[in-house]
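Peer 1: task: produce atomic coordinates for the following.
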Amino acid sequence: MNVEQVLVLMQQEDVRLDPGRLESLFLQMGEAGAEDVLCRAMEEIALRLSHTERLFRQGRMEEMRKSARSLVAIAEQIGMNALARVAGDVTCCIDAADEVALTATLARLLRVGEQSLTAVWDLQGAHL
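Peer 2: Okay, here's the model as predicted:
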């Protein structure tokens, strides 16, 4: 009897939030203001991740590039350094017209984005 085995790789990204950036946000804006900024940024990131993926599927690379660049800015604002870095990598792949690398990097962006949003959500839950 021949038994084939399928190995499923679980892809887990190491996502850390920049505590200094978050602390600065809370010091500048106060607790209520910082939480408002975080909530709005999280909503915007979720929307932009979905939008970026949709633009990729539609082959709208220039618009996808703009969406990924906006993810960089939003992520940096709230200390999501890994997300900002990978969104920047997506724009580099678009600029290089490397569709294979873009496909892989977009998948990584979506993973990092999801895990970053979860990390902020968990952090907010711990402070409530």
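
Peer 1: rest of the way, CA atoms for contacts and neighbours
Peer 2: Will do.

Peer 1: host element of the residue nearest to R85 when sequence neighbours are not counted?
Peer 2: Among residues not flanking R85 along the chain, V72 sits closest, at 7.1 Å (CA to CA, 6 or more residues apart in numbering). Using DSSP states H and E, V72 falls within helix 61-77.

Peer 1: for that helix, packing partners?
Peer 2: Using 3 or more CA pairs under 8 Å, 6 or more residues apart in numbering; DSSP states H and E, the elements in contact with helix 61-77 are helix 19-58, helix 81-95.

Peer 1: can you lay out these as CSV showing mean neighbour count and mean pLDDT?
Peer 2: Shown next, in CSV, are the helices and strands packed on helix 61-77 (neighbours: other CA atoms under 10 Å; pLDDT from 0 to 100):
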stretch, mean neighbour count, mean pLDDT
helix 19-58, 16, 93
helix 81-95, 21, 97
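
Peer 1: identify the residues contacting L17.
Peer 2: G79, M80, N81, S116, A119, V120 (CA atoms under 8 Å, 6 or more residues apart in numbering).

Peer 1: try it again with 6 Å
Peer 2: G79, M80 (CA atoms under 6 Å, 6 or more residues apart in numbering).

Peer 1: equivalent analysis for Q58, please.
Peer 2: No contacts exist for Q58 under CA under 6 Å, 6+ apart.

Peer 1: skipping adjacent residues, who's closest to the residue minimising distance to the centre of the chain in space?
Peer 2: Closest residue to the average C-alpha location of the chain: G113 at 2.8 Å, with CA atoms, centre = their mean. The shortest distance from G113 to any non-neighbouring residue, by CA to CA, 6+ apart, is to L83 (5.9 Å).

Peer 1: now that neighbour: how far from E63?
Peer 2: The gap separating L83 from E63 is 19 Å, by CA to CA, to the nearest Å.

Peer 1: list every C-alpha atom in stretch 41-48, with coordinates, as PDB.
Peer 2: Coordinates of the C-alpha atoms in stretch 41-48 are reproduced here as PDB (Å, rounded to 0.1, in the frame of the first residue of the first chain):
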ATOM      1  CA  ALA A  41      -6.200  53.300  11.200                       C
ATOM      2  CA  MET A  42      -7.200  49.700  11.800                       C
ATOM      3  CA  GLU A  43     -10.300  50.100   9.700                       C
ATOM      4  CA  GLU A  44      -8.400  51.900   7.000                       C
ATOM      5  CA  ILE A  45      -5.700  49.200   6.900                       C
ATOM      6  CA  ALA A  46      -8.300  46.400   6.600                       C
ATOM      7  CA  LEU A  47     -10.000  48.300   3.800                       C
ATOM      8  CA  ARG A  48      -6.700  49.000   2.000                       C
END
